[in-house]
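>>> below is the structure, and that's it, no one-letter string:
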């Protein structure tokens, strides 16, 4: 996925959904893949990138998030 595609998804899909469903500040965490865009903020939605070489830490977080989603849905 290129930077243009990633930004289009953020602008056309993610950002409107966050604003319409929550109306609150949000944080979008992305890995540091080359296709992702730079760290920024848009009207209360912060974009942050995981630092390089943190795969083992990030996978543990993924497991907990997935388990919570499976339990809730």
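Yes, it's here. All values reported here derive from a predicted model rather than from experimental measurement.

>>> tell me where the chain has helices.
In the chain, the segments counted as helices under DSSP state H are 3-9, 15-21, 55-72.

>>> what distance do you get for the residue positioned nearest the centre of the chain to residue 71?
Of all residues in the chain, the one closest to the mean position by CA atoms, centre = their mean is residue 28, 3.0 Å from it. Between residue 28 and residue 71 the computed distance is 23 Å (CB to CB, to the nearest Å). Using the backbone N, CA and C atoms, a C-beta is placed for each residue, glycine as well.

>>> what's the answer for residue 31, then?
25 Å.

>>> for those two, indicate the residue with more neighbours.
Neighbour tally, residue 31 and residue 71, criterion other CB atoms under 10 Å: the higher count belongs to residue 31, 12 against 7.

>>> counting neighbours, what do you get for residue 45?
Neighbours of residue 45 using other CB under 10 Å come to 18.

>>> got a markdown table for the helices of the chain, with distance to residue 47 too?
Output for the helices of the chain, formatted as a markdown table (distance: least, CB to CB, whole Å):
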| stretch | distance to residue 47 |
| --- | --- |
| helix 3-9 | 10 |
| helix 15-21 | 10 |
| helix 55-72 | 16 |
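
>>> mean pLDDT lowest where, among the ones you listed?
When the helices of the chain are compared by mean pLDDT, helix 55-72 comes last with a mean of 69.

>>> next, count neighbours for the residue lying closest to residue 49 once chain neighbours are set aside.
Leaving aside its chain neighbours, residue 49 sits nearest to residue 32 (4.8 Å; criterion: CB to CB, 6 or more residues apart in numbering). Using other CB under 10 Å, residue 32 is surrounded by 12 other residues.
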